[in-house]
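A.B. asks: got a structure for you, letters missing:
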């Protein structure tokens, strides 16, 4: 099952050229770009691992692209996303976030029914990949 | 096949390049070898865009440069200018300049250097990375120095991402020579070795007048004459650093001029009063005292 998180996720995966164009847009707006990765793709997993430091005062997308390439090389089967942080007063938040890498196979999510107090039924989802320990999931 | 080289779409036309070169001639005094090199590069660009128009393959030219020369010959100034020139010529995408020294590239402990160097390189992408006093990167007396690591990363990026950034090294001539001897890889990866010659006396005078003009001052004819003698005298003394010495001299002359005006402030000052520099302001310099002192000893 294809994971749809972040912007553009219902489109076909972006090509490097398209990623570069998006990054140019971010940098043009003075947003600080950072690269993050994870192999725990649960939708509630907000904070992913940072790859390197957030890149402030960059001028050109080539710098971010080299970071993305390096991250892909290190974690070829992880989810990798790019965040663009806007530090303008009043915003101070992520303005754009999109996936730039996903594992070749995405097994999808399991729906788990949990019996709670009384006969209350609760539901949870968890990625099938989570059955394996971190680092060996995809 | 006879299309004029005028302006291929997205490229740079002859006219732009000529205008740029004329501007360069106006703003930079002397420095003939530097201007020649820029002209070469500009010519290459015009040819390249013509080739592109004819659908001939065009390779990204290696534009890494090394500026060597004595103190105050304009290496840093030209490097700053270079960034905007290369941008206008379309060789670099953004045209900003990131100026760094050893401290910005080399870390203090193991594993600190590579991220630091990469960080700087990332910032310089799309523009020009200017490494001042590059020979400090390599410290042969300490074999565990992290400078070597920074050099390796630099070389790798200079080779593989030459369309993304231009690296300019600068430093004093003899020390750069030694640096290249111990890092032969560096020399061969730099396409343009530009030597900055010392300025002639006349060029120094032009520079002085240009500096004054920019600050809205001017020499009186006698002061100008005195300054010619000042240049000759200063050149004979140790630690002469070309245009930098001239700038310092002008700063001191301005102080003396201000002092002279304030000392006898008996009337309202006109624009002429505060703009003109008199011979006395120049002649009060220590340089003359030293020069005549030395001549006296000789006698």
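C.D. replies: Yep, it's here. Given the structure is predicted, the values throughout are model-derived calculations rather than measurements.
A.B. asks: got phi/psi on whatever residue of the stretch 51-200 of chain B ends up closest to chain A?
C.D. replies: With CB to the nearest CB as the measure, residue B:126 is the residue of the stretch 51-200 of chain B nearest to chain A, at 2.5 Å. In this view, the C-beta of every residue, glycine as well, is placed from N, C-alpha and C. Dihedral angles of residue B:126 (phi, psi; degrees, to the nearest 10) stand at phi 80, psi 0.
A.B. asks: name the nearest residue to it, ignoring sequence neighbours.
C.D. replies: residue A:60 (2.5 Å; CB to CB, 6 or more residues apart in numbering or on different chains).
A.B. asks: can you check residue B:69 too?
C.D. replies: In space, residue B:69 is closest to residue B:196, 2.8 Å off (CB to CB, 6+ apart).
A.B. asks: ok, how many other residues are close to the residue in chain A that chain B sits nearest to?
C.D. replies: Chain A approaches chain B most closely through residue A:60 (2.5 Å), counting by CB to the nearest CB. Neighbourhood size, residue A:60 [other CB atoms under 10 Å in any protein chain shown]: 23.
A.B. asks: show me what contacts it?
C.D. replies: Contact partners of residue A:60, counting by CB atoms under 8 Å, 6 or more residues apart in numbering or on different chains, are A:24, A:27, B:93-94, B:125-127, B:164.
A.B. asks: at 10 Å instead, please
C.D. replies: Applying CB atoms under 10 Å, 6 or more residues apart in numbering or on different chains to residue A:60 gives the contacts A:20, A:23-24, A:27, B:92-94, B:96, B:122-127, B:164-165.
A.B. asks: which of these sit farthest apart?
C.D. replies: Spatial extent of these (CB to CB) is set by the pair A:20 and B:96 at 17.9 Å.
A.B. asks: burial measure for the residue of the stretch 51-200 of chain B closest to chain A, as a count.
C.D. replies: Close neighbours of residue B:126, defined as other CB under 10 Å, add up to 23.
A.B. asks: cool, the one 4 residues further on as well?
C.D. replies: When neighbours are counted by other CB under 10 Å, residue B:130 registers 25.
A.B. asks: could you look up the SS state of the residue lying closest to residue A:86 once chain neighbours are set aside?
C.D. replies: Ranked by CB to CB, 6+ apart and with sequence neighbours excluded, the top spatial neighbour of residue A:86 is residue A:95, at 4.3 Å. Reduced to three states with DSSP: H, G, I helix; E, B strand; the rest coil, the structure at residue A:95 is strand.
A.B. asks: please apply the same query to residue B:288.
C.D. replies: Following three-state DSSP, the label given to residue B:288 is helix.
A.B. asks: what about it, neighbour count?
C.D. replies: Neighbour tally, residue B:288, other CB under 10 Å: 16.
A.B. asks: residue B:63 versus the residue found closest to it once you drop the neighbours it is linked to in the chain, what's the distance?
C.D. replies: With CB to CB, 6+ apart as the criterion, residue B:288 has its nearest non-adjacent residue at 6.1 Å, and that residue is residue B:233. Using CB to CB, to the nearest Å, residue B:233 is found at 41 Å from residue B:63.
A.B. asks: got the contact list for the residue positioned nearest the centre of chain A?
C.D. replies: By CA atoms, centre = their mean, the mean C-alpha position of chain A lies nearest to residue A:81, the distance being 3.3 Å. Residue A:81 makes contacts with A:5-7, A:9, A:34-38, A:48, A:51, A:68, A:97-102, as judged by CB under 10 Å, 6+ apart.
A.B. asks: would you agree it falls within a strand?
C.D. replies: Yes - Residue A:81: assigned to a strand according to three-state DSSP.
A.B. asks: name the residues linked to it by a beta bridge.
C.D. replies: residue A:36, residue A:99 (DSSP bridges).
A.B. asks: which strands and helices sit next to the host helix or strand of the residue nearest to residue B:288?
C.D. replies: Take DSSP states H and E as the rule and residue B:233 turns out to sit in helix B:221-235. On a contact count with 3 or more CB pairs under 10 Å, 6 or more residues apart in numbering or on different chains; DSSP states H and E, helix B:221-235 meets helix B:201-214, strand B:218-219, helix B:242-263, strand B:276-277, helix B:279-283, helix B:286-298.
A.B. asks: now the longest one: average pLDDT?
C.D. replies: Averaging pLDDT along helix B:242-263 gives 91.
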